[in-house]
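**Q** Here's a sequence, model it:
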Amino acid sequence: MIIIAKILLLSLVALVFGLVIARYRERKIGAIAFLLWLTLWIGAAFVIAFPDSTLVAARLLGIGRGVDLVLYISVILILYLMFRFYVRLEQMDRDITKIVRAVALREAGLGDSKGKLESPPRSIDPKA
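**A** Here you go, the predicted structure:
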């Protein structure tokens, strides 16, 4: 049963590994991201093929079981990626706000081509 699980898991890792390579060739990810993901999936394949290696690494770090070490690393990696996504989403939100503001000002005739005000807006005088 363990051999079947290893074969299935290693097949999934090989599939994702292939997807990472394809995305790199399509220029959808950069060289640094490619190397990071490549390292991650090679590490996953190594842990699947040699599960006792996690026990050795865990003992060196003072952790009782290898699976605990893998779990800790996974949680830290997921939290880091969530933080990166959050920062990127906030930046995109700010960028969209700037673009929408510039387009609105340009359409209202109050801004130049870069969205900056040419002159202060005229106040509406109800008596006029």
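
**Q** residues contacting P51?
**A** G66 (Cβ atoms under 8 Å, 6 or more residues apart in numbering). Any C-beta I mention is one placed from the backbone N, CA and C, and that applies to glycine too.

**Q** L9 and I48 touch, don't they?
**A** Yes. L9 is within contact range of I48, at 4.8 Å (criterion: Cβ atoms under 8 Å).

**Q** Tell me which other helices or strands the host helix or strand of I21 touches.
**A** If you go by DSSP states H and E, I21 is part of helix 2-25. Other elements packing on helix 2-25 under the criterion 3 or more Cβ pairs under 8 Å, 6 or more residues apart in numbering; DSSP states H and E are helix 31-49.

**Q** In the helix it packs on, which residues are buried?
**A** Using 16 or more other Cβ atoms under 10 Å as the test for burial, helix 31-49 gives 34, 37, 41, 44-45, 47-48.

**Q** So which residues make contact with the lowest-mean-pLDDT helix or strand in the chain?
**A** Ranking every helix and strand in the chain by mean pLDDT, DSSP states H and E puts helix 52-60 at the bottom, with a mean of 91. Residues outside helix 52-60 that contact it (Cβ under 8 Å, 6+ apart) are 46-47, 64-70.
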